[in-house]
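Undergrad: just the structure for this:
(2 chains)
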There are 2 protein chains.
Amino acid sequence: MDRIQPRTLSGFMELLPDKQVIFENMMDKLRKSYALYGFTPLDTPLIEASEVLLAKGGGETEKQIYRFTKGDNDLSLRFDLTVPLAKYVALNYGQLTFPFRRFQIGKVYRGERAQRGRFREFYQADIDMIGDGSLDIVNEAEIPSVIYKTFTSLGLRHFVIRVNNRKILNGFYAMLGLTEKSGEIMRTVDKIDKIGPEKVRGILTGDVGVNRLDADEILRFIAIRGTNDEVLAALENYRGKNETFDLGLDELNTVTRYLSAFGVPEENFQVDLTIARGLDYYTGTVYETTMTDHPEIGSICSGGRYDDLAGYYTDKKLPGVGISIGLSRLFFVLEEQGYLNDALITAPADVLVLPMTVSLDEAITLATSLRAQGVRTQVYFEQKKFKAKMSYANKAGIPYVIFLGEDEIREGRVTVKDMRTGEQTSVSPGMAAAAIRGKLDSDAAAAPIRDRA
Amino acid sequence: MDRIQPRTLSGFMELLPDKQVIFENMMDKLRKSYALYGFTPLDTPLIEASEVLLAKGGGETEKQIYRFTKGDNDLSLRFDLTVPLAKYVALNYGQLTFPFRRFQIGKVYRGERAQRGRFREFYQADIDMIGDGSLDIVNEAEIPSVIYKTFTSLGLRHFVIRVNNRKILNGFYAMLGLTEKSGEIMRTVDKIDKIGPEKVRGILTGDVGVNRLDADEILRFIAIRGTNDEVLAALENYRGKNETFDLGLDELNTVTRYLSAFGVPEENFQVDLTIARGLDYYTGTVYETTMTDHPEIGSICSGGRYDDLAGYYTDKKLPGVGISIGLSRLFFVLEEQGYLNDALITAPADVLVLPMTVSLDEAITLATSLRAQGVRTQVYFEQKKFKAKMSYANKAGIPYVIFLGEDEIREGRVTVKDMRTGEQTSVSPGMAAAAIRGKLDSDAAAAPIRDRA
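TA: Modelled structure (predicted):
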């Protein structure tokens, strides 16, 4: 037979079983965490009509899109989960209940240049809250709570949710009469960590054409640092000069005010005036999340408030707030940085039953009983030597093995071996599940990420 | 703004939130059921190199494939989960532990003519057990147990797992010297339920060119009916005439022998000599599953034993056995036939907290506490009239509402309203979770399918 070399496309993540179990565990934790806040799961097609998917137009994104024809249809693979959400809400507007909270975890496609840690097919995990006509600011205050709960449920401890408000930035630049240059200024200011304040000043007064006094004012403004209370107090000094600014400051105060009631510790939250994000789309609170020990990774969860989700599909005004986790990239980074919890049980089963007799009735009956009690059970059916059977359990990392030989069957007992300690105990078949489960329960609570203490 | 009409492509399933919750519940039950048997979850890309995906060649399937180019790459969307599994096992052979048991629930793509209940994008839920060189027959005996456990965990009760063995069929046709015509004969015999035995006989002796005596023998053979024991006994009459037949009968005996130990009731299992399935691929036990009350739907879970999973990628011999559920189609059929359990809670939250005060601190603190105890909680933040708030809870089907007004806060109590009974109780905030959860636990156990008693 002519053989084809099996391969997986470059830029497409495909995990070995043990890693896939951790990835599934992460998705499960995300689903549970989102559900606790009243988000409902959605699933939309991966393929949409190009006309629909590209309604908004796309610039850079459009070049990356997987677009093709099938029959007479011009089709595209989704490149994010926001456009399909906009389509879904516009299409099903009459049948949804607002405010509409949905989460979606799904694959999206971007034909980026393949490079290490960058994927062409990757999972995004999104939540959005959509209002019908209006959406209260307190929803924006709840988002850091969802982020905090989600990442702590994954086991991450050292991260900071950075929050800003676009109205504050827009209002501030309006005060200086620099509204038209605000986009360019923000893109310049964004480089401050990389190139330093002096070079930023140089670009502002040079290429951007800001006068020296305004450049000083801008650098002073974005240099505001301190505790959340200190930053908010410093911002009060600008109050009364611009309506948009004042509104943004009120919103930022509300978002910060309920943090503690929402269960978010002060150290995981930071008002940060350098956060701007998608300049055309976001209109209020914006969020980024960074790992304290790995700021170089950039934001692992970002989003913000927008005023118009689906203007290109419907005349309904649908403001909302949403955040997105680039899950495949996050997983790649966590693995690379040694954050994956190797104490997590990634074996396909909790116990392997090893029949040592010709008849398999007792082994199978035991397995059926274990499964009925929720224990993930495999029976080793292959005709192999004992050593090969044990080697299978070891290689697969199965934490318990049950031996079932003539003696055990006659005596109505089974031998349970803890593969990690080597300890063997003899119990009645009816107690085998309890013997295993008692020890597994603590393992089951383990998180997929192991952060430093 | 120029608006684009939002739409979802024909043949692509996109569910409203309440239905999506039931679909998610089904997938969750499937994952749990498969895991109980030691299957590990896998996830492979939706896009593969066409050369790899179509290595086997494809006939009918090939025309339906979504195939396109991106840059220099000739790409295709997967049309099933078996070919990607073959690629995965061949590619990662050295890092897998055999027998390798995996499940995968994922979308596949076939550009079929769009028609009601047929999808171009649909979920398949597959399990496979792959041996390295050999795979014991008892694995084939375990498959009906997985099917039984899976469908009963979904809530389905009236279904029959029909089992046959290709070696029995091949051996029988070899006895008659009709091996070369066996494919054509089986396709003809397959129509017996639709056109009756006389017409089958006519086609066999006419178009197919079987003589009258052999046609009688064939019709007698496939007419073998009765309990599993009766069918097996009738098959013993053919023993000793053909080695393949005898081997198949031994295998069928083994598969049937362990049924009870595997926890499969006799009434959910049937040896059925009319089951043949994929003629080129399957070599041993074959399975179909039909709903007793809706035989017209056809098989809802099918598969079988194959000798060579990945011959077009590797020289390793990888025999296996697997089954597949066409999940999107099954869901469509269940909905259409009224099988979806409308008692299942499909609301996005278990409880809606209604703050009746200006300050939201108490409401948010209560929500944080409820979430910490695992209760899915939403706070209604919008500035709306009381009636609009209650209408939201009703429309979203949220089973509990908690009122938190000045009086409640002063007295340190909350009022919990059961939206289904109208009953209101007053408890301390710390007891609110327990009050709700006690009643929700029984609902949480509800299955997505409601079958007749």
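Undergrad: what's the helix or strand where residue A:90 lies in contact with?
TA: Element membership of residue A:90, judged by DSSP states H and E, is helix A:82-91. Helix A:82-91 has contacts (CB atoms under 8 Å, 6 or more residues apart in numbering or on different chains) with A:42, A:44-45, A:48, A:52-53, A:55-56, A:78, A:96, A:100, A:102, A:104, A:126, A:128, A:130, A:309-310, A:312-314, A:316, A:318, A:322, A:324, B:6-8, B:14. Every residue, glycine included, has its C-beta placed from N, CA and C.
Undergrad: repeat that for 7 Å
TA: A:42, A:44, A:48, A:52-53, A:56, A:78, A:96, A:100, A:102, A:128, A:130, A:309-310, A:313-314, A:318, B:6-8, B:14 (CB atoms under 7 Å, 6 or more residues apart in numbering or on different chains).
Undergrad: check stretch A:323-333 too.
TA: With CB under 7 Å, 6+ apart as the test, stretch A:323-333 has contacts from A:13, A:23, A:26, A:117, A:119, A:122-127, A:143, A:147, A:287, A:297, A:300-303.
Undergrad: buried subset of the contacts of helix A:82-91?
TA: Among the contacts of helix A:82-91, those that count as buried by neighbour count (16 or more other CB atoms under 10 Å in any protein chain shown) are A:42, A:44, A:48, A:52-53, A:56, A:78, A:96, A:100, A:102, A:128, A:130, A:309-310, A:313-314, A:318, B:6, B:8, B:14.
Undergrad: and the closest residue in space to residue A:341 that isn't next to it in sequence, how far from residue B:442?
TA: Excluding the flanking residues, the one nearest residue A:341 by CB to CB, 6 or more residues apart in numbering or on different chains is residue A:450, at 4.0 Å. Here the criterion is CB to CB, to the nearest Å. By it, residue A:450 lies 36 Å from residue B:442.
Undergrad: now do residue A:400
TA: Applying CB to CB to residue A:400 and residue B:442 gives a distance of 32 Å.
Undergrad: ok so, going back, phi first, then psi, for the residue nearest to residue A:341.
TA: phi -120, psi 110 (degrees, to the nearest 10).
Undergrad: ok so, going back, can you select the buried ones among the contacts of stretch A:323-333 for me in ChimeraX?
TA: To isolate the buried members of the contacts of stretch A:323-333 in ChimeraX, using 16+ other CB under 10 Å:
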select /A:13,23,26,119,122,123,124,125,126,127,143,147,287,297,300,301,302,303
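Undergrad: helices of the stretch 1-150 of chain A, start to end?
TA: Here the stretch 1-150 of chain A has its helices, by DSSP state H, counting those that start in this stretch, at A:17-36, A:50-53, A:60-64, A:82-91, A:137-154.
Undergrad: contact residues of the stretch 351-453 of chain A facing chain B?
TA: Residues of the stretch 351-453 of chain A lying near chain B by CB under 7 Å from any CB of the partner chain: A:360-361, A:364-365, A:368, A:371, A:376-378, A:381-383, A:392, A:395-396.
Undergrad: apply 8 Å and report the result again.
TA: Within the stretch 351-453 of chain A, the positions adjacent to chain B are A:352, A:360-361, A:364-365, A:368, A:371-372, A:374-379, A:381-383, A:392, A:395-396 by CB under 8 Å from any CB of the partner chain.
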